[in-house]
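K.L.:
requesting a structural model of the entry that follows:
(2 chains)
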2 protein chains.
Amino acid sequence: MRIAIDAMGGDHAPQANVEGAIAAAREWTDTTVILVGDKDRLEPLISKDRPGNVEIRHASEVIEADDEPVKAVRRKKDASMVVAGRMVKDGEADAMISAGNTGALMTMGLLVVGRLKGIERPALAPMLPTMDGEGLLALDLGANMDATPEQLVQYAVMGSIYRSKVHGVDKPRVGLLNVGTEEMKGNELTKAAFPLLATAPIHFVGNVESRDVLRRPCDVLVCDGFSGNIMLKSMEGTASVLMSELKKQFMRSFITKLAALVVKNGMLQLRKKMDYAEHGAAPLLGINGLVLKSHGSSGGHAIKNAVRQARIAVAGGLLQSISTGIGGMTENSNGSEM
Amino acid sequence: MRIAIDAMGGDHAPQANVEGAIAAAREWTDTTVILVGDKDRLEPLISKDRPGNVEIRHASEVIEADDEPVKAVRRKKDASMVVAGRMVKDGEADAMISAGNTGALMTMGLLVVGRLKGIERPALAPMLPTMDGEGLLALDLGANMDATPEQLVQYAVMGSIYRSKVHGVDKPRVGLLNVGTEEMKGNELTKAAFPLLATAPIHFVGNVESRDVLRRPCDVLVCDGFSGNIMLKSMEGTASVLMSELKKQFMRSFITKLAALVVKNGMLQLRKKMDYAEHGAAPLLGINGLVLKSHGSSGGHAIKNAVRQARIAVAGGLLQSISTGIGGMTENSNGSEM
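P.N.:
Next comes the predicted model:
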């Protein structure tokens, strides 16, 4: 198996990416890990004791975090992210991982790797943290701002297959992000999507309110990218503000600082639970190749974990399953229209 | 001034509503407070020492929390909420307050009180808590699930006038809820609304991310009801889950319970800051009368505070200002189309 890593993407690139690649290559000796990026910068980082299954593929350019996605992908044809994507497209790699510019990665997926047949819009599907530590897969969280009811159904099918194939979840429960749990709640989009989801080949459990997401009411949460992103950032913002207010409370006096020491471990665990960088890389679902987005702040450990996910997805034939699942739906709906 | 209170609406009705009404009548002797509801239940609650400026208006029916809004308003013509609304419509009261069924109150506003001329959709505008204790006015948070760009501009104008008239905020800063702060971020709705907001007669400060809302990036936050509701419930859910996880940490042992005692006051303050019931009643803006929605869990204190808000709004000529503000916009846009 061959897995390409965008060596230059992410806050701690290339150091963390190289570390993760080497750790992965050591653990999975049947896998060749290809670091894509500036050879002159990468060579010195791995020269010491390079495992035989780590390769370097030179790429002269880098897409920066603040680059405008479409422009960057079109103009920087020799960027590490674009070259890694082309390797997937051309069958030189079975999967690729990047911790770089999210918008650029999604654009690259569309323009370089291309859509799976029958898919209207690819979706980015990260795991959201839940209090039981299991997490849930949410899509779309920002690849497409607007969605049609039919696209939400495609998200649901792709997300279900991913959770089942890669996470081993049996009959993943699919929920629709909404403002209430009753069937007729919501805006035009969710009202139109509800009956389609109810008859789709998934285990649909109905509407889910954003206030319940941390309690894991479902395994796959479906939403348009705009609402999903609003939800995600509301949760992150609230958690971050509360944690920092709490810190203030603990720093007020000698005695509160003592109290802080007592609950410090518990608080760290809680913070870790809420940190969605802990929950692995997010697949870009619906494109004709396996592309995983690691969190921008990924360290070596996170990159290694992304390789683990990629291996499972490749070995499980994720792409073929999604293609078959979406194909089946299209045939069914064609059938019923005749 | 005459202010009607739906005596039968809310979790603690009629007791809390009567208490609030009496307290308000005592403080503002120039104001007549009219308790609308079941006379036989209300009389015993106020007979002891009833201020001269508290009246009872009998209404034989009650809209319950789980009643279907449209049906309830149409069928229960003698419900306390509907009678109070009719008093506003007929000029028998200058404002009304209800802590009852939110959906029913919004329906009542539309069907009984009616829209202000030029307004496409009335909006419910609660204050969201912010960490500095000031709060910000957000609209719409659920009266209308879908919105057009033009409706968002109307929300912005109404919200600005409310904050300026009722809260005394000079040139309230208006933000557009979005997934990023850059101008071209967002879905079709926010992209179309941005240039309209930029040229509207308000102090528009651009896009606001949901993760920043608790830090008060603006005084008026504009959004469609669906996204706004997703944001609100994400924030509530995260705060509630974090607080209960924290409690678990503190209850683990004798020593952590001691630590909890030390920071207890600070934690209570924090919880209070996050509680949006603390931030007063939400006006239903865009209808042809003054209707305020108190939180369902309102006690006497909250009801009295709602009377305070209503008095300021009536004295400041809120309705006339909104009518003029919206009228001016309509004329301007007619002008530019000619």
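K.L.:
what about A:Gly316, neighbour count?
P.N.:
16 (other Cβ atoms under 10 Å in any protein chain shown). For every residue, glycine as well, the C-beta is placed using N, CA and C.
K.L.:
what of A:Pro195?
P.N.:
So A:Pro195, with other Cβ under 10 Å, has 11 neighbours.
K.L.:
how far does the one helix or strand it maps to sit from the chain's center?
P.N.:
Taking DSSP states H and E as the criterion, A:Pro195 maps to helix A:188-199. The chain centre lies 24 Å from the centre of helix A:188-199; the measure is Cα atoms, centre = their mean, to the nearest Å.
K.L.:
what's the answer for stretch A:78-98, then?
P.N.:
For stretch A:78-98, the distance to the chain centre is 17 Å (Cα atoms, centre = their mean).
K.L.:
quick check: mean pLDDT across it?
P.N.:
Stretch A:78-98 carries an average pLDDT of 98.
K.L.:
would you mark the buried spots in it?
P.N.:
A:79-89, A:93-98 (16 or more other Cβ atoms under 10 Å in any protein chain shown).
K.L.:
other SSEs contacting the helix or strand harbouring A:Ala84?
P.N.:
Element membership of A:Ala84 [criterion: DSSP H and E] is helix A:80-89. Applying 3 or more Cβ pairs under 8 Å, 6 or more residues apart in numbering or on different chains; DSSP states H and E, one finds that helix A:80-89 contacts strand A:2-6, strand A:32-37, strand A:54-58, strand A:95-98, helix A:102-108.
K.L.:
ok, now which ones touch the nearest residue to A:Gly9 once chain neighbours are set aside?
P.N.:
Nearest non-adjacent residue to A:Gly9, counting by Cβ to Cβ, 6 or more residues apart in numbering or on different chains: A:Gly100, 2.3 Å away. Going by Cβ atoms under 8 Å, 6 or more residues apart in numbering or on different chains, A:Gly100 touches A:Asp6, A:Met8, A:Gly9, A:Gly10, A:Ala13, A:Ile63, A:Ala65, A:Ser80, A:Met81, A:Gly296.
K.L.:
and A:Gly100, how far from chain B?
P.N.:
Separation of A:Gly100 from chain B (Cβ to the nearest Cβ, to the nearest Å): 17 Å.
K.L.:
and chain B, is the helix holding A:Pro195 touching that?
P.N.:
Yes: with Cβ under 8 Å from any Cβ of the partner chain as the criterion, chain B is reached by helix A:188-199 at A:Glu188, A:Thr190.
K.L.:
now that helix: buried residues?
P.N.:
A:Leu189, A:Thr190, A:Lys191, A:Ala193, A:Phe194, A:Leu196, A:Leu197.
K.L.:
and the residue lying closest to A:Asp140 once chain neighbours are set aside, how far is that from chain B?
P.N.:
Nearest in space to A:Asp140, with sequence neighbours left out and distances taken as Cβ to Cβ, 6+ apart, is A:Ala123 at 3.7 Å. As defined by Cβ to the nearest Cβ, A:Ala123 lies at a distance of 15 Å from chain B.
K.L.:
how about the residue nearest to A:Gly9, phi and psi?
P.N.:
When read as degrees, to the nearest 10, the backbone of A:Gly100 gives phi -90, psi -160.
K.L.:
A:Ile255 too?
P.N.:
Per degrees, to the nearest 10, the backbone of A:Ile255 is at phi -70, psi -40.
K.L.:
and it, how far from chain B?
P.N.:
6 Å.
K.L.:
residue boundaries of the helices in the stretch 151-300 of chain A?
P.N.:
A:188-199, A:225-250, A:254-274, A:300-315 (DSSP state H, counting those that start in this stretch).
K.L.:
weakest of these by average pLDDT?
P.N.:
helix A:254-274 (a mean of 80).
K.L.:
pull out the buried positions in it.
P.N.:
A:Thr256, A:Ala259, A:Ala260, A:Val262, A:Val263, A:Gly266, A:Met267, A:Leu270, A:Lys273, A:Met274.
K.L.:
isn't A:Met81 up against A:Ile63?
P.N.:
Yes: using Cβ atoms under 8 Å, A:Met81 makes contact with A:Ile63 at a distance of 5.2 Å.
K.L.:
lowest average confidence, helix or strand, in chain A?
P.N.:
One helix or strand of chain A scores below all others by mean pLDDT, DSSP states H and E: helix A:318-337, with a mean of 73.
K.L.:
does A:Ser321 touch A:Lys165 like I think?
P.N.:
Yes: with contact defined as Cβ under 8 Å, A:Ser321 counts as touching A:Lys165 (5.8 Å).
K.L.:
tell me which of those two has more neighbours.
P.N.:
In this view A:Ser321 and A:Lys165 are compared by other Cβ under 10 Å, and A:Lys165 has more residues nearby, 19 against 16.
K.L.:
what sits against the more buried one?
P.N.:
Taking Cβ under 8 Å, 6+ apart, one finds A:Ile312, A:Ala313, A:Gly316, A:Gly317, A:Leu318, A:Ser321 in contact with A:Lys165.
K.L.:
now those residues in a markdown table, with distance to chain B?
P.N.:
Shown next, in a markdown table, are these (distance: Cβ to the nearest Cβ, whole Å):
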| residue | distance to chain B |
| --- | --- |
| A:Ile312 | 30 |
| A:Ala313 | 27 |
| A:Gly316 | 32 |
| A:Gly317 | 34 |
| A:Leu318 | 28 |
| A:Ser321 | 30 |
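K.L.:
burial measure for the residue nearest to A:Lys77 when sequence neighbours are not counted, as a count.
P.N.:
Counting by Cβ to Cβ, 6+ apart, A:Lys77 lies nearest to A:Glu61, which is 7.7 Å off, once chain neighbours are set aside. Neighbour count of A:Glu61, defined by other Cβ under 10 Å: 18.
K.L.:
pop out the phi and psi values for A:Glu61.
P.N.:
Torsion angles, degrees, to the nearest 10, at A:Glu61: phi -120, psi 170.
K.L.:
ok, A:Gly9 next?
P.N.:
According to degrees, to the nearest 10, A:Gly9 has phi -100, psi 140.
K.L.:
count of neighbours near it?
P.N.:
31.
K.L.:
quick one: stretch A:161-181 to chain centroid distance?
P.N.:
That offset, for stretch A:161-181, works out to 15 Å (Cα atoms, centre = their mean).
K.L.:
same check on stretch A:121-141?
P.N.:
7 Å.
K.L.:
near chain B, which residues of the stretch 51-200 of chain A?
P.N.:
Counting by Cβ under 8 Å from any Cβ, the residues of the stretch 51-200 of chain A near chain B are A:Met131, A:Gly142, A:Met145, A:Asp146, A:Leu177, A:Val179, A:Gly186, A:Asn187, A:Glu188, A:Thr190.
K.L.:
now the last one, nearest residue through space, not along the chain?
P.N.:
Spatial nearest neighbour of A:Thr190, chain neighbours left out: A:Asn178 (5.0 Å); criterion: Cβ to Cβ, 6+ apart.
K.L.:
ok, now which ones touch the one you found?
P.N.:
A:Lys185, A:Gly186, A:Thr190, A:Asn207, A:Val208, A:Glu209.
K.L.:
please apply the same query to A:Ala24.
P.N.:
Per Cβ under 8 Å, 6+ apart, neighbours of A:Ala24: A:Ile3, A:Thr31, A:Val33, A:Ile303, A:Lys304, A:Val307, A:Arg308.
K.L.:
for whichever strand or helix holds it, C-alpha coordinates in CSV please.
P.N.:
Element membership of A:Ala24, judged by DSSP H and E, is helix A:15-27. In CSV, the C-alpha atoms belonging to helix A:15-27 read as follows (Å, rounded to 0.1, in the frame of the first residue of the first chain):
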residue,chain,number,x,y,z
GLN,A,15,9.0,18.5,11.1
ALA,A,16,5.8,16.9,12.5
ASN,A,17,4.8,15.4,9.1
VAL,A,18,8.2,13.8,8.8
GLU,A,19,8.0,12.4,12.3
GLY,A,20,4.5,11.0,11.7
ALA,A,21,5.6,9.5,8.4
ILE,A,22,8.6,7.7,10.0
ALA,A,23,6.6,6.4,12.9
ALA,A,24,3.9,5.1,10.5
ALA,A,25,6.5,3.5,8.3
ARG,A,26,8.0,1.7,11.3
GLU,A,27,4.7,0.4,12.5
